[in-house]
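Novice: Quick one, what's the 3D model for this:
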Amino acid sequence: MKLKTRSPSPFSGHSLRAGLASTAEAEERHVQKQLGHANAEMTRRYQRRRDRFRVNITKAAGL
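Specialist: Numbers count the residues shown, from 1 in each chain. So this is what the prediction gives:
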């Protein structure tokens, strides 16, 4: 069964915005302005945790 998608791209607008918010090496207020957010809290919702994969579990377990 093949699922239908709205876009032929594997990336969505949300994932691109979240990527920008998470990886931009700029002050938060500049990222907020670029994303068009009225407040910083919305920008923070788009930011993904940068340290999520800092520890490689399989390497730490010796696998």
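Novice: Now tell me what touches the helix ranked longest in the chain from outside.
Specialist: If you go by DSSP state H, the chain has its longest helix at helix 13-23. With contacts defined as C-beta atoms under 8 Å, 6 or more residues apart in numbering, helix 13-23 is touched by 31, 34-35, 43, 46-48, 50. Where C-beta positions appear, they are placed from N, C-alpha and C, glycine not excepted.
Novice: now for those residues, which pair is the farthest apart?
Specialist: Across those, the two members that end up farthest from each other (C-beta to C-beta) are 34 and 50, 18.1 Å apart.
Novice: Including pLDDT, could the contacts of helix 13-23 go into CSV?
Specialist: Putting these into CSV (pLDDT from 0 to 100) gives the following:
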residue, pLDDT
31, 88
34, 91
35, 89
43, 87
46, 82
47, 82
48, 77
50, 59
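Novice: Drop anything exposed from these.
Specialist: Those of these that meet the buried threshold are 31, 43, 46, by 16 or more other C-beta atoms under 10 Å.
Novice: Which of these fall within strands?
Specialist: Here DSSP state E is the test, and the buried ones among the contacts of helix 13-23 give no hits in strands at all.
Novice: Brilliant, that's me finished.
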